[in-house]
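Novice: Predicted model, plus sequence, below.
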Amino acid sequence: MRDDTVDVLIIGAGASGAAIAWSLAETRMNILCLEQGDWVPHDSYPGLGLDWEARQLTDFHFSPNVRRRPEDYPVNDGDSPIQVSMFNAVGGSTILYAAHFPRFRPEDFEVRTRDGVADDWPLDYRTLEPWYDVNAEMMGVSGAPGDPAYPPKKLPLPPVPLGKLGRTLARGFERLGWHWWPSDSAIITRDYNGRAACVNAGTCLLGCPQGAKGSVDVTYWPEALRRGVRLRTRCRVREITLGADGLANGVIYYDAEGKEQRQRAHMIVLACNGIGTPRLLLNSKSSRFPEGLANRSGLVGKNLMFHPYAMVMGVFDEPLEAYKGPTGCCIMSQQFYGTDPSRGFVRGYSFEILRGFGPASTALWGVQHGLVPWGPHHHRAFAELFDHVAGMVVICEDLPEEQNCVSLDERLTDAHGIPAPKISYRLSENSRAMLAHAVERAREVLEAAGAKKTVVQSPLPFAGWHLMGTCRMGRDPRTSVVNEWGRCHDVRNLFIVDGSIFVTAAAVNPTNTIQALALYIGDQIKQRLANLFD
Amino acid sequence: MVRVENRDEEQRLLEELRVVLEALIPGSDDGRMPSAAALGLEAAVWERLSLESALAEMVRDGLRALDAASRARYGCSFAEASSEARSALLAEQGFVLPLFLHALAAYYSQPAVLSALGLPPRPPHPQGYRIEDQD
């Protein structure tokens, strides 16, 4: 049994765990991170093989339930129209993410004040702004300055190329007079900090062999390790233990050989995402916390927010060079971002233009939508689609509702016998109305850009990429799990830095904000070291 | 892996699979796109199917049922049936759609197919692609 007490124990080596590990490293404290997955060798990424598209259906599938790698844990998401997506590795879900990297807008932090729904955050955009800037430098963010939807922001690299596809769709937005802007992307468009620039291979969602996409195994981790942080992989934490003084004193975990181990710590930071974090807290029961650790509010696992997505694709007459370029990063529009009461719902959504599909994905997508038959007409139907399909996802702001939650499944467990998470989630009437509005506007803009046909998928099923809200942040211990700088109200040496602490979800991808929050919390910890646990 | 009983049976299964793949993805009329059978995809498709035993069993049983139905209705094997008869028989079989999806994934990753589509016959990495306005 290992038993060396560390100063800081971070659980999870994904987007937020990596950022706070790097942030705290300068303190020279003894910092250890436990990660249930392993390093993913870049030469194992599908993009280096001809069968790269097929592997998105197997060992690089978004869903841990399909992928079923040894390091994955099952998630019972049968009671949800949106299936959970995540990856378990050094780098976490940044290994598979699109690296679309918008910030929250200033008004996203004050939804209650503006629209009378959900809650305001206990911090604001100005508080996070310097940490967004640090994150932009560390991750290598590309983008075009001057977006009227945002205050000025730091963008170290020029934007990803629009290509013929992007220019074609931008034409549609221009014709309608709608907002559009090149996407902020955590993808380096020039050689940067020892990393080589993007080569527009279009395999972002399967890991980037080039290392141009900012997954944290190539951004924060090398720096954090150089600064002395230790990272122990293939270690799955079962529970957090509590001392007689009411402080967390360590964890019990299973090591790479499956042996039970104990790791003591003076302070613990949870960075396991919006499902893994509440799962671990709910699995950490004690006489002091019979309903799960740090759960006196009863809100651990509650208020789960995804972003309800729809995908709307158009078929164009002209070829678009659609398979080239970063998969999920091209241009975005926030034309319908804020509340307009005439639309019949509160809050709003973003459009995010996607690149087109590779050949195999084109065929499979065509079959799924009844556009590509087998038999004598196959090739003609395929030729009408391949390199002629372009479109977008709409990403809707999800509002917190207590019945949307993560709990523990009574029967399902992972390979170590640890109870698995169970998701209960329904689309609200507000989300349904928003999706319907967004789909019609997406069709409108695609037609304005020249699409002769549109194909809609709403809601998008395997789109539970964004896992938020299940340990929400706030000043009042009765209505939140962590305080305004990430410390659990109930356990003064336990911090949470992942998407669990989001109060609201905005209508943009969350990773940039997750990391800015982790850096902010790291800074708060450093500033308060003398009386951190008071 | 789903085991077949002997080499003769495996050969028979692969031949039946080849005929079905030919019907699902024939060559294009203009001769530009090769057929799945011309590329010899049956072995690769069967290997992939065999990773999921339930799926492989469904396809194996389906191939037998297809041949039996052809003999009962048309008095000949599926391989000997007319193009119209093959289409009608395939439309009735539940295993065809999952088989088709696997066949597509295999077909559209062949260098010969990528070349015929005007793409470089290689994986996307490490060379990537050039976008005209990238600079």
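Specialist: Thanks, I have it.

Novice: Nearest to chain A: which residue in chain B?
Specialist: Each residue of chain B has a distance to chain A, by Cβ to the nearest Cβ, and the smallest belongs to B:Gly128, at 2.6 Å. Bear in mind the C-beta positions are built from the backbone N, C-alpha and C, glycine included.

Novice: Which strand or helix spans the nearest residue to that residue once chain neighbours are set aside?
Specialist: Distances taken as Cβ to Cβ, 6 or more residues apart in numbering or on different chains put A:Val199 closest to B:Gly128, at 2.6 Å, once the chain neighbours are dropped. Here A:Val199 sits in a region with no helix or strand, counting by DSSP states H and E.

Novice: Any chance of the backbone angles for the closest residue to A:Thr233 other than its chain neighbours?
Specialist: For A:Thr233, the nearest residue in space outside its immediate sequence neighbours is A:Asp38; the separation is 4.6 Å by Cβ to Cβ, 6+ apart. Per-residue torsions, A:Asp38: phi -130, psi 180 (degrees, to the nearest 10).

Novice: hang on, isn't the residue of chain B closest to chain A packed against A:Ala201?
Specialist: Yes: contact status for B:Gly128 versus A:Ala201: in contact at 4.1 Å, counting by Cβ atoms under 8 Å.

Novice: Chain B: helices as residue ranges?
Specialist: Using DSSP state H, the helices found in chain B span residues B:7-24, B:42-49, B:53-74, B:83-91, B:96-107, B:111-116.

Novice: List the beta-bridge partners for A:Ile31.
Specialist: According to DSSP bridges, the residues that bridge with A:Ile31 are A:Val8.

Novice: Quick check: it vs A:Ala516, distance?
Specialist: Noted for A:Ile31: a distance of 20 Å to A:Ala516, by Cβ to Cβ, to the nearest Å.

Novice: cool, and B:Ala106?
Specialist: From B:Ala106 across to A:Ala516, the span is 44 Å (Cβ to Cβ).

Novice: can you check A:His369 too?
Specialist: The value you get for A:His369 to A:Ala516, if Cβ to Cβ is used, is 38 Å.

Novice: Neighbour count for the two, which is higher?
Specialist: Just comparing A:His369 and A:Ala516: by other Cβ atoms under 10 Å in any protein chain shown the higher neighbour count belongs to A:Ala516, 25 against 13.

Novice: ok, the residue of chain B closest to chain A - contacts?
Specialist: Under the criterion of Cβ atoms under 8 Å, 6 or more residues apart in numbering or on different chains, the contact list for B:Gly128 reads A:Cys198, A:Val199, A:Asn200, A:Ala201, A:Gln210.

Novice: and what of A:Val8?
Specialist: Contacts for A:Val8 (Cβ under 8 Å, 6+ apart) come out as A:Leu24, A:Met29, A:Asn30, A:Ile31, A:Leu32, A:Ala265, A:His266, A:Met267, A:Ile268, A:Val269.

Novice: Out of the residues you listed, the closest to B:Ser53 would be?
Specialist: Comparing the contacts of A:Val8 against B:Ser53 with Cβ to Cβ picks out A:Leu32 as the nearest, at 41.7 Å.

Novice: residues near the closest one, how many?
Specialist: Residues contacting A:Leu32 under the criterion other Cβ under 10 Å number 19.

Novice: With adjacent residues omitted, what lies nearest to the residue of chain A most remote from its centre?
Specialist: Among residues of chain A, the one most distant from the C-alpha centroid is A:Pro376; the distance is 42.5 Å, by Cα atoms, centre = their mean. Computed as Cβ to Cβ, 6+ apart, the closest residue to A:Pro376 that is not its neighbour in sequence is B:Pro26, at 6.2 Å.

Novice: What is the neighbour count of the one you found?
Specialist: Other residues within reach of B:Pro26 by the criterion other Cβ under 10 Å amount to 21.

Novice: do A:Ile331 as well
Specialist: When counting by other Cβ under 10 Å, one arrives at 22 neighbours for A:Ile331.

Novice: from what I can see it touches A:Trp178, true?
Specialist: No: A:Ile331 is not in contact with A:Trp178 according to Cβ under 8 Å; the separation is 11.1 Å.

Novice: Quickly run through the sheet partners of the longest strand along chain A, with directions.
Specialist: Of all the segments of type strand in chain A, defined by DSSP state E, the longest one is strand A:260-270. Applying DSSP bridges to the sheet, strand A:260-270 is found paired with strand A:6-11 (parallel), strand A:248-254 (antiparallel), strand A:494-496 (parallel).

Novice: Show me what counts as buried in it.
Specialist: Burial within strand A:260-270, assessed by neighbour count using 16 or more other Cβ atoms under 10 Å in any protein chain shown, is assigned to A:Gln261, A:Gln263, A:Arg264, A:Ala265, A:His266, A:Met267, A:Ile268, A:Val269, A:Leu270.

Novice: Over to stretch B:125-135?
Specialist: Of the residues in stretch B:125-135, those scored as buried under the neighbour-count criterion (16+ other Cβ under 10 Å) are B:His125, B:Gly128, B:Tyr129, B:Ile131, B:Gln134.

Novice: isn't the third one right up against A:Thr203?
Specialist: Translated: B:Tyr129. No: B:Tyr129 is beyond contact range of A:Thr203, at 10.8 Å (criterion: Cβ under 8 Å).

Novice: list the helices and strands the helix or strand containing A:Leu446 packs on?
Specialist: Secondary structure assigned from DSSP H and E places A:Leu446 in helix A:429-449. Using 3 or more Cβ pairs under 8 Å, 6 or more residues apart in numbering or on different chains; DSSP states H and E as the contact criterion, the neighbours of helix A:429-449 among helices and strands are helix A:163-176, strand A:309-315, strand A:349-354, strand A:389-396, strand A:453-457.

Novice: Save the ones you listed as JSON lines, and put in mean neighbour count and distance to A:Tyr254 too.
Specialist: Formatted as JSON lines, the helices and strands packed on helix A:429-449 follow (neighbours: other Cβ atoms under 10 Å in any protein chain shown; distance: least, Cβ to Cβ, whole Å):
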{"stretch": "helix A:163-176", "mean neighbour count": "21", "distance to A:Tyr254": "46"}
{"stretch": "strand A:309-315", "mean neighbour count": "22", "distance to A:Tyr254": "34"}
{"stretch": "strand A:349-354", "mean neighbour count": "26", "distance to A:Tyr254": "38"}
{"stretch": "strand A:389-396", "mean neighbour count": "27", "distance to A:Tyr254": "36"}
{"stretch": "strand A:453-457", "mean neighbour count": "17", "distance to A:Tyr254": "39"}
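
Novice: okay, and for chain B, where does confidence drop off?
Specialist: B:1-5, B:134-135 (pLDDT under 70).

Novice: Please repeat the previous calculation with a cut-off of 80.
Specialist: Applying pLDDT under 80 to chain B flags residues B:1-6, B:132-135.

Novice: what about the residue nearest to A:Gly49 when sequence neighbours are not counted, neighbour count?
Specialist: Spatial nearest neighbour of A:Gly49, chain neighbours left out: B:Pro123 (5.3 Å); criterion: Cβ to Cβ, 6+ apart. By other Cβ under 10 Å, the residues close to B:Pro123 number 20.

Novice: follow-up on the earlier one: so what's the residue nearest to B:Gly128 up against?
Specialist: When contacts are counted by Cβ under 8 Å, 6+ apart, A:Val199 touches A:Gln210, A:Ala212, B:His125, B:Pro126, B:Gln127, B:Gly128, B:Tyr129.
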